[in-house]
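Participant: Attaching a predicted model along with its sequence, questions to come.
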Amino acid sequence: MNTKYHWEHVYETKSRDSVSWYTPHLTRSLQLIDRIRGDAIEPHVIDIGAGQSTLVEDLLDRGLNQLTVLDISDKAIHETQTRLRERSSSVHWVVSDILTTSFPPHSFDIWHDRVVFHFLTQSEERSKYVEQLKHALKPSGYVIIATFGPEGPLKCSGLPVCRYDVSALMAEFGTSFELKEHVMEWHETPTAASQQFLYVVMQMK
């Protein structure tokens, strides 16, 4: 299967508020980012697999201007840029597969990923993802990863996924990262189904 084709098709055929992972605001992610920021002047945040989420708007509203948004879908990026209008010029946009994109080393203070990592069902994919993360994250930088929890669905958007508890997810990232916080929550989809999500905050040692 061509991954890019799959996600282009999703965003071409479904409205932003009809996909199962839709929520008007990424409230949990924002809470975690706010806690990580603390009194920091302005961290550089990257949103991995952002799709058409409103996280970028909400971070701009918080005064953050060092923002990178990455997604494999041209359609998703274009729609978000259009929604932001002139504000889009202050964001760095990347249309690419996270496994193959090229990052400058030590670029980001906060790496945010809501619902990308659990689509990586092959061990070599997950290893490559972690390599990318270690390369691009600044020393002592933070990672926010949200995946399906142990009671989450087995498939999403027609694709198989991996489900994680805290220990299994941390094992994927290895000893270079320290667990700082984790939380389970239930996400209500637009069709009123419930999906269990695990959020983990890690810091690079």
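Facilitator: Good, I have the coordinates. Numbers count the residues shown, from 1 in each chain.

Participant: how near is the residue lying closest to I33 once chain neighbours are set aside to R35?
Facilitator: On the basis of Cβ to Cβ, 6 or more residues apart in numbering, the spatially nearest residue to I33 that is not a chain neighbour turns out to be I110, at 6.2 Å. From N, CA and C alone the C-beta is placed, and that goes for glycine too. Computed with Cβ to Cβ, to the nearest Å, the distance linking I110 and R35 is 11 Å.

Participant: out of these two, which sits in the busier spot?
Facilitator: When I110 and R35 are compared for neighbours, I110 comes out ahead with 24 against 12, by other Cβ atoms under 10 Å.

Participant: wouldn't the more buried one be in contact with I46 here?
Facilitator: Yes: using Cβ atoms under 8 Å, I110 makes contact with I46 at a distance of 7.4 Å.

Participant: Tell me the pLDDT of the residue located most distally from the centre of the chain.
Facilitator: Distance from the centre of the chain peaks at E86, with 23.7 Å (Cα atoms, centre = their mean). Looking at E86, its pLDDT reads 96.

Participant: again with I41
Facilitator: Predicted confidence (pLDDT) for I41: 67.

Participant: low-confidence ranges in this structure?
Facilitator: 1, 39-41 (pLDDT under 70).

Participant: Which residue ranges of this structure form helices?
Facilitator: Listed in chain order, the helices of the chain (DSSP state H) span 3-13, 27-37, 55-61, 74-84, 123-136, 166-173.

Participant: So which of these is the most surrounded?
Facilitator: helix 55-61 (a mean of 19; mean count of other Cβ atoms under 10 Å).

Participant: ok now stretch 45-60, how far from the chain's centre?
Facilitator: 8 Å (Cα atoms, centre = their mean, to the nearest Å).

Participant: Likewise for stretch 136-152?
Facilitator: With Cα atoms, centre = their mean, you get 8 Å for stretch 136-152.

Participant: Buried residues in that stretch, which are they?
Facilitator: 136-138, 141-149, 152 (16 or more other Cβ atoms under 10 Å).

Participant: Quick check: the farthest pair among those?
Facilitator: Farthest pair in the buried residues of stretch 136-152 (Cβ to Cβ) is K138 and G152. Separation: 30.6 Å.

Participant: For the residue nearest to V130 when sequence neighbours are not counted, give me its contacts.
Facilitator: By the measure of Cβ to Cβ, 6+ apart, the closest residue to V130 outside its immediate chain neighbours is F173, 5.8 Å from it. Counting by Cβ atoms under 8 Å, 6 or more residues apart in numbering, F173 makes contact with 130, 133, 143, 202.
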